[in-house]
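*Asks:* the sequence and its predicted three-dimensional model are supplied below.
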Amino acid sequence: MNVLFVILNIVVMLLIVGGLFYLQKKHVSFAKRVFLALAVGIAFGFILQLAYGTSSEVLNTSVEWFNLIGVGYMKFLQMIVMPLVFISILSAFTKVKLSNQLGKISTLIIGILVGTTAVAAAVGIITTAAFNLEAIEIEQGESEVVRGQQLEEKLVGIEDMSLPEKMLELLPGNPFFDLTGARSTSTIAVVIFTIIVGIAYLGVKRKQPDQAELFEKLVESLHAIMMRVVTIILRLTPYGVLAIMTRTVALSDFEAIMKLGKFVLASYVALAIMFLIHLLLLTISGLNPITYVKKIVPVLTFAFTSRSSAGTLPLNVKTQTSELGVSEGIANFSASFGLSIGQNGCAGVYPAMLAVMIAPTVGVDPFTPTFIATLIAVVAISSFGVAGVGGGATFAALLVLSTLNLPVALAGLLISVEPLIDMGRTAVNVSGAMTAGVLTSKATGEINQEVYNHTGHIEA
């Protein structure tokens, strides 16, 4: 390995980082810096792959150093996800933003998330039929076989769980353990725990107002500090996007992507349709969809590059509150619930497409009314508890395929294009969560129309 080339690559990355920092000092908008980082990352990644090849030791070593920026940024985001969920929802209770409509708000958010996921499943079915996708058409190489075996192993322990047992997994048996984010359902468990604490606070406020006042001041102080931490970390977003995109493009297997281009295209068509449905729902509610698109672009850009709904949580909440006029409590509820419930891309479109593709391999006609209705219902129910990180779609696919008695190993056929598709899925997941927040705020009359219609952009 030529160490000089590694050093050269690192120096170039640092120079680009310096350029982005210069633009920040010149007060170039946050959205423009994120977009620029995305474009430069793609270009730099292509150049690195052309110069060295994906198997090059020079490239892989360089990427390890780039990860100090990209993966380091992701770790900072993951660090604040659980504390942010906990303290933000609790703060909403102390500010009496949720007490009067808690049941209505929760029902609306969950209903929109699950309902749009059912629609996403239908979109996935229609798109798969339109592109005539079948699993039997995909070549099965060594890596696909290995991936299939891994999926079968991962299924052990999941398929034996009944629906009531899966629902029990959502509950916080040990909230301190869930605050570490150790389980795929940790986020929803933390939300439930926080709601219980919030309700308890409201009870104490009625009977022991002095004690409640002390707790309220503590929560407000912690919330102010946490939001300052969020602001500090979000300022690093352009640098994180740059490094993550450079790594993704530099290490992508474009030959494999070309072979599975039909499935990649079909997936993005389905995801695009689902995003348009989000905009249609906003239009029906009386909100300008163009305004929505302009304001969420930085959020979706980061979701696309990071492949992590959980990592996008701080930016999601900040954009909903400061750019879309969503109340703080609803923004935190929709963003937090959206990490584990009703992910339109990962838990809706993707499992439905896989099921329709795989069904013919075991002699099942995927286009009978019974199969379609069953598939949509299973997708909607299985969308509870999907992890909001890279790999959540695999978990959702395992649940759906196993419930329908379809071979889960065939899901491994798409391993070579999984990262590319997952980028689009994550962006649609986040859009779905934000749409749920905006629609719920609109329905409860808590949206700030002036903030929503304001043409400014989020600054960080």
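*Replies:* Sure, I can see it. Numbering: from 1, shown residues only.

*Asks:* got any ranges where the stretch 51-200 of the chain has weak pLDDT?
*Replies:* Low-confidence regions of the stretch 51-200 of the chain, defined here as pLDDT under 70, cover residues 95-100, 136-163, 166, 184.

*Asks:* how about 50 then?
*Replies:* Along the stretch 51-200 of the chain, segments meeting pLDDT under 50 span 141-142, 144-145, 148.

*Asks:* tell me the centre residue of the chain?
*Replies:* Central residue of the chain (Cα atoms, centre = their mean): S309, 2.2 Å from the mean position.

*Asks:* ok, that residue touching G338?
*Replies:* Yes: under the criterion of Cβ atoms under 8 Å, S309 is in contact with G338, at a separation of 6.8 Å. From N, CA and C alone the C-beta is placed, and that goes for glycine too.

*Asks:* SS state for the residue nearest to the centre of the chain?
*Replies:* For S309, the secondary-structure state derived from DSSP: H, G, I helix; E, B strand; the rest coil is coil.

*Asks:* and the gap between it and A243?
*Replies:* In this structure, S309 and A243 are separated by 19 Å, where distance is defined by Cβ to Cβ, to the nearest Å.

*Asks:* can you confirm M13 is in a strand?
*Replies:* No: under three-state DSSP, M13 sits outside any strand and is assigned helix.

*Asks:* just give the nearest non-adjacent residue to it, would you?
*Replies:* F66 (5.9 Å; Cβ to Cβ, 6 or more residues apart in numbering).

*Asks:* dump the residue contacts of the one you found.
*Replies:* Contact partners of F66, counting by Cβ atoms under 8 Å, 6 or more residues apart in numbering, are 10, 13, 243, 246-247.

*Asks:* closest one to V364 out of the residues you listed, please.
*Replies:* Nearest to V364, judged by Cβ to Cβ, of those is R247 at 39.5 Å.

*Asks:* so how far is R183 from the nearest residue to that closest one once chain neighbours are set aside?
*Replies:* With Cβ to Cβ, 6+ apart as the criterion, R247 has its nearest non-adjacent residue at 5.0 Å, and that residue is V63. In this view, V63 and R183 are 30 Å apart by Cβ to Cβ.

*Asks:* quick check: what element follows the lengthiest helix in the chain along the chain?
*Replies:* In the chain, with assignment by DSSP state H, the single longest helix is helix 57-94. In the C-terminal direction, the helix or strand that comes right after helix 57-94 (DSSP states H and E) is helix 102-130.

*Asks:* what comes up buried for that next one?
*Replies:* Taking 16 or more other Cβ atoms under 10 Å as the basis for neighbour counts, the residues of helix 102-130 that come out buried are 102, 105-106, 108-110, 112-114, 116-128.

*Asks:* next one: stretch 46-58
*Replies:* Of the residues in stretch 46-58, those buried under the neighbour-count criterion (16+ other Cβ under 10 Å) are 48-49, 52, 56, 58.

*Asks:* what's the answer for stretch 369-380, then?
*Replies:* 371-372, 375-376, 378-380.

*Asks:* one more: stretch 235-248?
*Replies:* Buried-residue list, stretch 235-248, by 16+ other Cβ under 10 Å: 237-248.

*Asks:* re the thing from before, surely the residue nearest to R247 touches L251?
*Replies:* Yes: under the criterion of Cβ under 8 Å, V63 makes contact with L251 at 6.5 Å.

*Asks:* which one's more surrounded, those two?
*Replies:* Regarding V63 and L251, a neighbour count based on other Cβ atoms under 10 Å identifies V63 as having more, with 20 against 16.

*Asks:* pull the contacting residues for that one.
*Replies:* In this structure, V63 makes contact with 246-247, 250-251, judged by Cβ under 8 Å, 6+ apart.

*Asks:* of these, which is the nearest to D365?
*Replies:* The shortest separation between D365 and any of the contacts of V63 is 39.2 Å, and it belongs to L251 (by Cβ to Cβ).

*Asks:* tell me the spacing between T301 and K294.
*Replies:* When Cβ to Cβ is applied, the distance between T301 and K294 equals 12 Å.

*Asks:* can you check G173 too?
*Replies:* Using Cβ to Cβ, one obtains 43 Å as the distance from G173 to K294.

*Asks:* higher neighbour count, the two?
*Replies:* Counted by other Cβ under 10 Å, G173 and K294 do not tie: K294 has more neighbours, with 14 against 10.

*Asks:* so that one is in which element?
*Replies:* K294 is part of helix 289-306, with elements assigned from DSSP H and E.

*Asks:* report the mean confidence score over the strand or helix carrying R228.
*Replies:* Here R228 is covered by helix 209-234, with elements defined by DSSP H and E. In this model, helix 209-234 carries a mean pLDDT of 87.

*Asks:* now it against helix 57-94, angle please.
*Replies:* Here helix 209-234 runs at 160 degrees with respect to helix 57-94, directions being taken by axes from the mean of the first three to the mean of the last three Cα atoms, to 10 degrees.
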